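# Can you look at this prediction? I've put the sequence above it.
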Amino acid sequence: MKKFVKIKSHTIPFPNLEFGILYFFAFFLNACVKDIPNPSDKTIPNGSHKGVLILNEGSYANNNAEISFLDYETNAISNSIYSTANNKSMGDVAQDIILIQGKYYITTNNSNKITVVDALQFNEVKTISNISNPRYFLKINDSVLYVSSLYSNSIYVLNTNQNKVTNTIQLDFANTEKMILLHGKVYATNWNTSCNYIYQINPFTHLVEDKIYIAGFAAHHIEVDHNGMLWILSGNKYQNVNSYFTVINPMTKQIIKSYLFAKEQDPFRLLFNKTRDSLYFLQVNYQGQNVNNGLYKMSIENTVLPNQAFIPAQTNSYFWAIGLDTINQFIYLSDPKGFNQSSAIMKYNLQGNIIQSYKAGIGANTFLFP
Amino acid sequence: MIFAQSLVAQDTTHVLKNAVIYEQKKEIQFSESQPIPQEIINNFQHTSLQQLLEMHTNVFVKNYGISTLSTISIRGSSAAQTQVNWHGVNINHATTGLTDFSTLAVSLFDHIDIQYSSSFKNSSLSGSVNLDDSKPMFRRLFKTKFALGYESLQNLSALASVLYSDQVVYNKTKITVNHAQNLYSFYNDDKEELQSTTHAKSKQIGVMNDFAVNIRSKHILSVYSWLQHIQREIPATTFEQFSAKEETISSFKNIIEFQPKGTDYFSTSSSLATLLDFYKYKDSTIRIQSNANTLTLPYSQTVNFKFNRNNYLYFKLMGRSSFLLNQSNSNLHTIGFHSYFTRENILQRIAVKLFIQKEFSNIFSLPFVYSISTKVKIKYGIEGYANFSTNYRMPTLNELYYNPGGNIDLKPETSNNIESGFHITKQYHQHALFVSSAFYKRIVDQWIAWYGNAILTPHNIQQVESKGLEVNLNYDVILKKYQKPVGGFDILIASRYPAFTKFKSSILYAYTLSTTKQSAISNDYSIGKQIPYVPRYQFKMSMGFERKNIEIYFVQTYTGYRFVTTDESQYLKPYAISTIWGSYHYRYQALKGAIHIRFNNILNTTYQSVVGRVMPGRNGSISFTFEIP
């Protein structure tokens, strides 16, 4: 019969030590931050209140474009309105919004679609998908919208009664941008460094009638002053094309005057005041430096460009959108804070003094006033 | 009694053949590290490294989707703060500073280990993944290995490996080929419809060759070569209508290493590497194409002094030159040294290491960095350690020179790190328990963040604090009533019990708080908020049985909420994934091999690793390996 030698085991404080370690872990884990996100602000604004609708483009490839609303009566901002109303994301990189017959039309260019929502409850009514990288709207009338397109040389003609594309206008180069309707003609820009003209389009036939040459290349913004002169902002700093303001008489199609920006300046977002005798534009310095960075203002009678910002951006920041509340006499600016967090919306008086700031969605880029 | 007489009469002396035991003294680890067990590497032979890391380590894998980029984060770091070393050489891409783990086939590497903090082996802020092959053994050997694999996503892979060695020469060649359709269905919440992946094919070929020559049985010259070519289509996200994006990634890496014969007290080695990377991206719908081609030349010279069995001094002179080939005057050069001194067996239980490093660069002013580490054998299989270190990460070529948007004025990120932890190793009869835990805190200054939408630019914006806890627990037991062997050593020797079932389990837990502490942006909403795509909680559990030549395991992972924005305003939901895998090892005469089967995501969980990228639901794979010794 085999015998086993009994060996005295180690006397080790095994249970006490290990229970001690377990107690320590349990204590530590209980002190950890809970894995629950903070509840976010999700409300639908009161449809009877007036206010500023803010379009947030979101950050590229994060599918987080959104709508915010700043209520004049409560002076409070509602965010994430689209996802609250529809329980899904609106899309990637929202670019423009327009109100037509009780509905908002919104372009999301990286989602290649236009979303139509009810203006009171923001419920999605329709998605129009066969539009390549839609950018900006131009209202021709209550039934017709022109839609420009990034990366494409097309302007789409959208019938808002059927919510269908009924025609396509072909320009010469890719990147059709902002447009304006003036005296029964559409003037369209083409943000391409090969293009040194704008297009005159017949909005009834949807045909290009003429090309009007500008001082520079790559036009992207267009407005009209109180004299009926067209102001075109053009250029592309990162493709080494200097920016210009070109002022054109649309009747004679002649350049009245032009303003050349310095090579390191990057202006965009052109906007006129209520009386259309002064214009505002942003200059953006992506390095966040103080120079060439802020909101600029000039009279249409100025012979030179302003050399100082009317409202300078703070260091490590830049402005991304400008809105003019011509009724209440406020200027709105957005600071996108790098496009990876909520934007700051700042409200200023017309003298450039800050009144209040708010927190909106990611990359606020458009203000729509009632 | 008759039986006993017969026994007395027999000669019971047995003479064994000579056995040669190869082993290298392991460096003492003064921080948390995790070598990946061989059975796990074997089971993941037909996958990329990203899948293995997702299930069996405490790193967080940020998977940008099927057939796309995959990066990792260790302890709340950014992808560029983690280093990937191949034979000790940093192979992070010179432009982006990161490595795409979806392009690393597990079958190319014999050894994989994770270092969970910066150490003398790597200059990264957060940690490293170390990829190695077995060291050459100069004895007569010839082995071939073939493997075929199939995944239900309609992906095929093949591997061939040939090893030849003798007293003078060692050569091992591995070739992997992967052809993937990446086809699966998923429900698209954004479009509210069922969809199948399209435009997600990829083709990959990798060739790795390890060559070494034993010069006069004294000195070893090694040449490691690695050629890789990948072509892949990038599928559309859930919010895009379609995708025509494609990538082509080619790389050719070479390391030449020379190790002259040392003495018991002195050894040295030299290494020179060339890392060529070619990257091409195109999107035919918007007619965009971009290329990034780089050449990196890392070199080093090391000297090791061993004063006695307890005192070591190590000195390394190193340099690295990186060039952006398609953009002139875009380069980054560094030269420097690091040194450490180790003293072991102080009072028979304490080891201490002191480390210092200084580098010089053509662009930045780089600080001295140092670390102080200690390890103590406490008692009863318990060891504790603590270390304090400083470190930095230089901006990458993209961060400096990318056009448009690069920022030549960027400063290096710098960090202060403190870590403490313990290991417990216990064996009791047929039970074996291993517990390791680490507590850490790291503060990174001048954290580089990319801001912008149309034009992205990097800035030294933030100070980020990362702190947390990691736990690794392994428990194994042999399911047999224990009988103490005569001779009475109370030590379990598992090889005595091959016929019996073993139960093995492991738990990995990581709690990570990585938050912005300071920012150069005024009124930054990200202060105090978690860095995007760093989950606060990760949990991975594996349990299984092994008996004779069969093993079967169940793996459960949990990944907590991940914020998409720096102010926590948007997030991705947590997800839990269950996997079953098993292997059958066979032997028929000279041929041996294994069949590996895996069922992933068996509960068919719908989840997104990154916004807009729905990952595969339930899927499976099978692979066969054949080895001819």
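Arrived safely, thanks for sending. Numbering: from 1, shown residues only, chains lettered A, B, ... in the order given.
# so what secondary structure elements neighbour the helix or strand hosting B:S437?
Using DSSP states H and E, B:S437 sits in strand B:431-451. With contacts taken as 3 or more Cβ pairs under 8 Å, 6 or more residues apart in numbering or on different chains; DSSP states H and E, strand B:431-451 sits against strand B:413-428, strand B:457-478. The way it works is simple: take the backbone N, C-alpha and C, and place the C-beta from them, glycine included.
# between these, which one is nearest to A:A364?
Nearest to A:A364, of all these, is strand B:457-478, at 19.2 Å by Cβ to Cβ.
# ranges for the strands of the stretch 1-150 of chain A?
Counting by DSSP state E, counting those that start in this stretch, the segments of the stretch 1-150 of chain A that form strands are A:51-56, A:66-71, A:77-78, A:94-100, A:103-108, A:113-118, A:124-128, A:134-141, A:144-149.
# Distance to chain B, mean pLDDT and mean neighbour count added to the ones you listed, as JSON lines?
JSON lines is the format used below for the strands of the stretch 1-150 of chain A (distance: least, Cβ to the nearest Cβ, whole Å; pLDDT from 0 to 100; neighbours: other Cβ atoms under 10 Å in any protein chain shown):
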{"stretch": "strand A:51-56", "distance to chain B": "11", "mean pLDDT": "97", "mean neighbour count": "25"}
{"stretch": "strand A:66-71", "distance to chain B": "9", "mean pLDDT": "96", "mean neighbour count": "23"}
{"stretch": "strand A:77-78", "distance to chain B": "13", "mean pLDDT": "95", "mean neighbour count": "20"}
{"stretch": "strand A:94-100", "distance to chain B": "11", "mean pLDDT": "97", "mean neighbour count": "20"}
{"stretch": "strand A:103-108", "distance to chain B": "8", "mean pLDDT": "97", "mean neighbour count": "24"}
{"stretch": "strand A:113-118", "distance to chain B": "7", "mean pLDDT": "96", "mean neighbour count": "21"}
{"stretch": "strand A:124-128", "distance to chain B": "9", "mean pLDDT": "95", "mean neighbour count": "16"}
{"stretch": "strand A:134-141", "distance to chain B": "11", "mean pLDDT": "97", "mean neighbour count": "21"}
{"stretch": "strand A:144-149", "distance to chain B": "11", "mean pLDDT": "97", "mean neighbour count": "24"}
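# how near is B:K540 to B:S126?
Separation of B:K540 from B:S126 (Cβ to Cβ, to the nearest Å): 19 Å.
# Looks like B:L272 contacts B:L297 (just checking).
Yes - assessed by Cβ atoms under 8 Å, B:L272 is found in contact with B:L297 at 7.4 Å.
# nearest to chain A, of the helices and strands packed on strand B:431-451?
Smallest distance to chain A across the helices and strands packed on strand B:431-451 (Cβ to the nearest Cβ): 4.6 Å, for strand B:457-478.
# Would you mind pulling up the elements that that closest one packs against?
Secondary elements touching strand B:457-478 (3+ Cβ pairs under 8 Å, 6+ apart): strand B:431-451, strand B:502-519.
# which residues of the stretch 251-400 of chain B fall in helices?
B:397-401 (DSSP state H, counting those that start in this stretch).
# list the contacts for B:I443?
Residues in contact with B:I443 (Cβ atoms under 8 Å, 6 or more residues apart in numbering or on different chains) are B:415-416, B:463-466, B:517.
# now the helices and strands packed on strand B:431-451 in a markdown table, with mean neighbour count and distance to A:F330?
Shown next, in a markdown table, are the helices and strands packed on strand B:431-451 (neighbours: other Cβ atoms under 10 Å in any protein chain shown; distance: least, Cβ to Cβ, whole Å):
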| stretch | mean neighbour count | distance to A:F330 |
| --- | --- | --- |
| strand B:413-428 | 19 | 41 |
| strand B:457-478 | 20 | 30 |
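# Nearest to B:Y509, out of those?
strand B:457-478 (4.3 Å).
# that older thread, can you put the helices and strands packed on strand B:457-478 in CSV and add mean pLDDT?
Formatted as CSV, these follow (pLDDT from 0 to 100):
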stretch, mean pLDDT
strand B:431-451, 93
strand B:502-519, 94
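# could the ones you listed go into TSV alongside distance to A:G47?
Shown next, in TSV, are those (distance: least, Cβ to Cβ, whole Å):
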stretch	distance to A:G47
strand B:431-451	36
strand B:502-519	37
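# Could I get the full set of helices for the stretch 1-150 of chain B?
Remark: helices assigned in the stretch 1-150 of chain B by DSSP H, counting those that start in this stretch are B:2-9, B:38-43, B:49-56.
# Point me to the residue of chain B nearest chain A.
Closest point on chain B to chain A, by Cβ to the nearest Cβ, is B:Y451, at 3.2 Å.
# pretty sure that residue contacts A:D335?
No - using Cβ under 8 Å, B:Y451 and A:D335 do not qualify as a contacting pair, with a distance of 11.3 Å.
# higher neighbour count, the two?
More neighbours surround B:Y451 than the other of B:Y451 and A:D335, with 26 against 22 (other Cβ atoms under 10 Å in any protein chain shown).
# Tell me the pLDDT of the closest residue to that one other than its chain neighbours.
Nearest non-adjacent residue to B:Y451, counting by Cβ to Cβ, 6 or more residues apart in numbering or on different chains: A:G338, 3.2 Å away. Listed pLDDT for A:G338 reads 91.
# For A:G338, which three-state class applies?
Of the three states, A:G338 takes helix under DSSP: H, G, I helix; E, B strand; the rest coil.
# got a list of what it touches?
By Cβ under 8 Å, 6+ apart, the neighbours of A:G338 are B:449, B:451-452, B:461, B:521, B:566.
# From B:V89, how far out is B:S102?
Applying Cβ to Cβ, the value for B:S102 to B:V89 is 21 Å.
# So between the two, which is more surrounded?
Counted by other Cβ under 10 Å, B:S102 and B:V89 do not tie: B:S102 has more neighbours, with 25 against 21.
# quick one: contacts for that one?
Going by Cβ under 8 Å, 6+ apart, B:S102 touches B:48, B:50, B:63, B:67-70.
# which parts of the stretch 201-350 of chain B sit against chain A?
B:237-242, B:285-287 (Cβ under 8 Å from any Cβ of the partner chain).
# Could you take the residues you listed and lay them out as a markdown table, with extra columns for neighbour count?
Formatted as a markdown table, those follow (neighbours: other Cβ atoms under 10 Å in any protein chain shown):
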| residue | neighbour count |
| --- | --- |
| B:T237 | 24 |
| B:T238 | 21 |
| B:F239 | 28 |
| B:E240 | 19 |
| B:Q241 | 16 |
| B:F242 | 12 |
| B:T285 | 15 |
| B:I286 | 15 |
| B:R287 | 10 |
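# Could you identify the pair within the residues you listed that is furthest apart?
B:T238 and B:R287 (24.3 Å).
# where do the strands sit along the stretch 251-370 of chain A?
Using DSSP E, counting those that start in this stretch, strands in the stretch 251-370 of chain A cover A:254-260, A:267-272, A:278-283, A:294-299, A:311-312, A:321-325, A:330-335, A:342-349, A:354-362, A:364-368.
# Show me where chain B dips below the pLDDT cut-off.
Within chain B, the set of residues satisfying pLDDT under 70 comprises B:1-12, B:17, B:19-27, B:119-123, B:481-499.
# ok, now which ones touch the most centrally placed residue in it?
With distances taken as Cα atoms, centre = their mean, B:V129 lies nearest the centre of chain B, 3.2 Å away. Neighbour list for B:V129: B:49, B:53, B:59, B:72, B:82-85, B:99, B:112-115 [criterion: Cβ under 8 Å, 6+ apart].
# how about those residues in CSV, adding distance to A:M346 and neighbour count?
Output for those, formatted as CSV (distance: Cβ to Cβ, whole Å; neighbours: other Cβ atoms under 10 Å in any protein chain shown):
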residue, distance to A:M346, neighbour count
B:L49, 47, 27
B:L53, 44, 23
B:V59, 41, 26
B:I72, 39, 25
B:T82, 38, 27
B:Q83, 42, 25
B:V84, 44, 22
B:N85, 48, 21
B:T99, 42, 26
B:I112, 51, 24
B:D113, 51, 17
B:I114, 46, 21
B:Q115, 46, 23
